[in-house]
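Student: One predicted model, sequence on top.
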Amino acid sequence: MSLAHATMFLWTWSSLQAFEIVEKENIFRRTPCPAFLMFDNAAYLAEMSFELPCHCKPEEVLSVVWYYQKQLGSSHTKVLTDFDGRLLTEAGHVRAGSDMLVRFSIRMFSLLVYRAQPEDSGLYFCGTRKGDYFYAYDVDIQSNDGMVATFKDEGQEPVSDEYHRNLRVFTTFWEWTPCDRCGVRGEQWRIGLCYLRSPDLSPRYKKTMPDVVSCGSQAVPMKLRNMAQDHTPELQVQSCLVHCEKNGTWKGMLGIYNYLSKVGSKPQIPQVPIQFHQQKLGRGLIISCPGARPEHAVAWDKDNQQLYRTQYLIGVNRSMRVFIDHGNQLHIRLTQMSDLGIYYCWRQGVRIAGFRLGVKYQGHHPNSLWDPETRSVMELTLLAYLLLTVVFIIIQLCRCCCYCCGSCPNVSL
């Protein structure tokens, strides 16, 4: 290649890089802010995390401030960031039920809310520290309490649409999750949220379809919202079967294992990290899958037994002692000796962790009223007092009868 061609190539490459940088810097120039502030409708399920991008802002604005109002025109407005727009929160440090002010993060002008709660529903504004708004969202966080589960393999169908004159209430489903297991029969599911169609919606709220918004949107008049409040979110589950992807690292470990087996040593190589936990008999336990979120495909196994949602999803049976909630957590109520074993956690079709559960009968900490032995002693003691009380009352009634009839023997107690 000649010097002239090389120079031309380098000049062209530098020009393309400069063009790319200019395009990245001017991304907000291509998205003008609306002259009249509108609200984008967005709906999520409780305990989910979501992101609200600030789609437009003036070029001279270097940082944004996010504001929150429960209702439009409310006198109480929360400021969700410091006035430099630098507040960061890690998702792993957020606990369920925490206040919204400790469950959000600002990154690249976008607002991230972790483990959202129904109380977080409302209006979110992207603006400046002076109170100038550029972009706004109408967020609807729907509760998972009373969530309806349907199992496609059993022929169950989603809840039918509801019609009230010009109002139609229906369920809009998300995409199916990946299969939660590989190599064996697994399950996949999709979440359905409540939406409605009506011509009586406020025109200030943007809609993905004409006259269609989520049921908890601020665009819905209170009268229509009350008519749709009984339509809860849905969860549809179906079976699936996928092959496991080959892992070169694991194949190498298997080779070492086979070699050591031939020379007489047979080590136990766990496929996933195993964490040991010892639980006292009769106590409750909640196990979470590391790094999993409610929208992830998460599955649980006990040793070689698969805990399918068709049998272990919360609400399938009211008397369930072991169940999986809608946040993908495994619950064990009143731990028994039969709960001993290793509980494996699958995330997005890959088994990632195990929990070896041990159950102890006696502990070093003081007994509480919830211990099974304490409750048994209390029940026996109360039963004995109740029996003595009944015997005493019967004897007194017999004496009264004897005195009334005049034939009572002279017996003193």
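Tutor: Arrived safely. Residues are numbered from 1 along each chain as shown.
Student: Quick one: low-confidence residue ranges for the stretch 251-400 of the chain.
Tutor: 251-270, 362-374 (pLDDT under 70).
Student: All the strands of it, in order from the start?
Tutor: For the stretch 251-400 of the chain, the strands defined by DSSP state E, counting those that start in this stretch cover 274-280, 285-287, 298-302, 305-307, 322-324, 330-332, 341-347, 350-360.
Student: Could you double-check that P273 lies in contact with G354?
Tutor: Yes: contact criterion CB atoms under 8 Å: P273 and G354 qualify, at 7.0 Å. For glycine as for every other residue, the C-beta is placed from the backbone atoms N, C-alpha and C.
Student: more neighbours, these two?
Tutor: Ranked by neighbour count (other CB atoms under 10 Å), P273 and G354 place G354 first, with 20 against 10.
Student: list the contacts for that one?
Tutor: Residues in contact with G354, defined by CB atoms under 8 Å, 6 or more residues apart in numbering, are 270, 272-275, 342-345.
Student: C402 and G349: what is the separation?
Tutor: 80 Å (CB to CB, to the nearest Å).
Student: More neighbours: which of these two?
Tutor: Comparing C402 with G349 by other CB under 10 Å, the one with more neighbours is G349, at 20 against 13.
Student: Was I right to think the more buried one contacts C182?
Tutor: Yes: using CB under 8 Å, G349 is in contact with C182, at 4.9 Å.
Student: Quick check: neighbours shared by these two?
Tutor: V242.
Student: Let me have the contacts of G354 in TSV, extended by distance to P32.
Tutor: Listed next are these as TSV, based on distance: CB to CB, whole Å:
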residue	distance to P32
P270	56
V272	51
P273	51
I274	55
Q275	52
I342	57
Y343	53
Y344	52
C345	47
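Student: what about the helices in the stretch 201-350 of the chain?
Tutor: Secondary structure of the stretch 201-350 of the chain (DSSP state H, counting those that start in this stretch): helices located at 222-227, 248-262, 309-312.
Student: Show me what the shortest one is packed up against.
Tutor: Right, the one you point to is helix 309-312. The contact analysis (3 or more CB pairs under 8 Å, 6 or more residues apart in numbering; DSSP states H and E) places helix 309-312 against strand 148-151, strand 186-197, strand 322-324.
Student: So for L382, which of these sits nearest?
Tutor: strand 322-324 (29.7 Å; CB to CB).
Student: what does that closest one rub up against?
Tutor: With CB under 8 Å, 6+ apart, strand 322-324 has contacts from 300, 307, 309, 312-314, 316, 330-333, 339.
Student: how far out from the middle of the chain is it?
Tutor: Centre-to-centre, strand 322-324 and its host chain are 15 Å apart (CA atoms, centre = their mean, to the nearest Å).
Student: Also stretch 41-60?
Tutor: So, by CA atoms, centre = their mean, the centroid of stretch 41-60 is 18 Å from its chain's centroid.
Student: Same check on stretch 219-231?
Tutor: Mean-position distance between stretch 219-231 and its chain equals 24 Å (CA atoms, centre = their mean).
Student: cool, stretch 140-158 as well?
Tutor: 14 Å.
Student: Using CSV, list the CA coordinates for it.
Tutor: Once non-C-alpha atoms are left out, stretch 140-158 reads as follows in CSV (Å, rounded to 0.1, in the frame of the first residue of the first chain):
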residue,chain,number,x,y,z
ASP,A,140,-48.6,2.7,37.6
ILE,A,141,-47.2,0.0,40.0
GLN,A,142,-49.7,-2.8,40.3
SER,A,143,-49.8,-4.9,43.4
ASN,A,144,-49.1,-8.7,43.3
ASP,A,145,-51.5,-9.4,46.1
GLY,A,146,-54.3,-11.5,44.8
MET,A,147,-52.4,-12.2,41.6
VAL,A,148,-54.3,-14.8,39.5
ALA,A,149,-52.2,-17.7,38.2
THR,A,150,-53.2,-19.9,35.2
PHE,A,151,-51.5,-23.0,34.1
LYS,A,152,-51.6,-23.5,30.3
ASP,A,153,-50.7,-27.2,30.5
GLU,A,154,-53.9,-27.8,32.5
GLY,A,155,-56.1,-26.1,29.9
GLN,A,156,-56.6,-23.0,32.1
GLU,A,157,-57.3,-19.8,30.2
PRO,A,158,-56.6,-16.2,31.3
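Student: if we can go back for a sec, redo the helices and strands packed on helix 309-312 as CSV? Include mean neighbour count and distance to F125.
Tutor: Putting those into CSV (neighbours: other CB atoms under 10 Å; distance: least, CB to CB, whole Å) gives the following:
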stretch, mean neighbour count, distance to F125
strand 148-151, 18, 34
strand 186-197, 21, 23
strand 322-324, 20, 37
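Student: Now distance to F173 too, for those strands, in CSV please.
Tutor: Shown next, in CSV, are the helices and strands packed on helix 309-312 (distance: least, CB to CB, whole Å):
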stretch, distance to F173
strand 148-151, 11
strand 186-197, 4
strand 322-324, 20
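Student: between these, which gets nearest to A116?
Tutor: strand 186-197 (12.7 Å).
Student: Dump the C-alpha coordinates for that closest one into PDB.
Tutor: Taking C-alpha atoms only, strand 186-197 is exported to PDB below (Å, rounded to 0.1, in the frame of the first residue of the first chain):
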ATOM      1  CA  GLY A 186     -38.800 -26.700  33.200                       C
ATOM      2  CA  GLU A 187     -41.400 -23.900  33.300                       C
ATOM      3  CA  GLN A 188     -41.700 -20.400  31.700                       C
ATOM      4  CA  TRP A 189     -44.200 -17.800  32.500                       C
ATOM      5  CA  ARG A 190     -45.300 -14.300  31.500                       C
ATOM      6  CA  ILE A 191     -46.800 -11.500  33.500                       C
ATOM      7  CA  GLY A 192     -50.000  -9.800  32.600                       C
ATOM      8  CA  LEU A 193     -51.000  -6.300  33.800                       C
ATOM      9  CA  CYS A 194     -54.400  -4.600  34.000                       C
ATOM     10  CA  TYR A 195     -55.200  -2.200  31.100                       C
ATOM     11  CA  LEU A 196     -58.400  -0.500  30.100                       C
ATOM     12  CA  ARG A 197     -59.900   1.200  27.000                       C
END
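Student: Could you pick out the longest helix of this protein?
Tutor: helix 372-405 (DSSP state H).
Student: ok and that one relative to strand 274-280, angle-wise?
Tutor: Put simply, helix 372-405 runs at 20 degrees to strand 274-280, going by axes from the mean of the first three to the mean of the last three CA atoms, to 10 degrees.
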